[in-house]
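Visitor: sequence and predicted structure are below.
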Amino acid sequence: MIKQLSSNSQHIFLSQSNSKAYFSPGAAGSGMVRYNPNMSRLEVNDGAVWLGLGDDIHLSLSNDALKVIDWAINKMREEEQLAQLAQSHPTLRAALDNVEQARRELDLIFNLTKTY
């Protein structure tokens, strides 16, 4: 049985739950992780079989993954702040509308140039 599960990442949340979470989305593949409720343990697939993990498990993300997650969170906050400010500032609302129109036009041009 797992005695300790830890992480030094602010993006991996661990809880003391009795739920039987299962992280394998389908057919087993190398590197997939699942919780086996029959054995009360986490298991990882080596490409052929499921192997039980040891008593002490540490989870972490690569630095690149952490950077991407942090960027996405900051981008979401920035967009929320812009949307809130646009409600009371018509000039900002107009600028955001122009940016959105430019994005649609850019997407159209990009897709046309890929096609032809």
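Guide: Arrived safely.
Visitor: how many residues are close by residue 81?
Guide: For residue 81, the neighbour count with other C-beta atoms under 10 Å is 10. From N, CA and C alone the C-beta is placed, and that goes for glycine too.
Visitor: quick one, grab the pLDDT at it.
Guide: The per-residue pLDDT reported for residue 81 equals 97.
Visitor: how about residue 3?
Guide: Model confidence at residue 3, given as pLDDT, is 54.
Visitor: tell me how this structure divides into domains.
Guide: The record's domain parsing of the chain by automatic domain parsing lists 4-59, 63-115.
Visitor: any idea which of those domains scores lowest on pLDDT?
Guide: If the domains of the chain are sorted by mean pLDDT, domain 4-59 sits at the bottom with a mean of 68.
Visitor: for the protein, which segments count as helices?
Guide: Along the chain, the stretches classed as helices by DSSP state H are 63-88, 90-115.
Visitor: any idea how far residue 50 is from the most centrally placed residue in the chain?
Guide: Nearest to the geometric centre of the chain sits residue 69, at 6.9 Å (C-alpha atoms, centre = their mean). As defined by C-beta to C-beta, to the nearest Å, residue 69 lies at a distance of 28 Å from residue 50.
Visitor: how about residue 73?
Guide: In this structure, residue 73 lies at 33 Å from residue 50, with C-beta to C-beta as the measure.
Visitor: what does residue 39 give?
Guide: Using C-beta to C-beta, which is the criterion applied here, residue 39 is 9 Å from residue 50.
Visitor: so which of those two has more stuff around it?
Guide: Using other C-beta under 10 Å as the criterion, residue 39 and residue 50 rank with residue 50 on top: 17 against 11.
Visitor: who's in contact with that one?
Guide: Residue 50 sits next to 28, 34, 36, 43, 44 when contact means C-beta atoms under 8 Å, 6 or more residues apart in numbering.
Visitor: do that again at 10 Å, thanks
Guide: Residues near residue 50 by C-beta atoms under 10 Å, 6 or more residues apart in numbering: 24, 28, 32, 33, 34, 36, 39, 41, 42, 43, 44.
Visitor: again, but for residue 85
Guide: Residue 85 is in contact with 92, 93, 96, counting by C-beta under 10 Å, 6+ apart.
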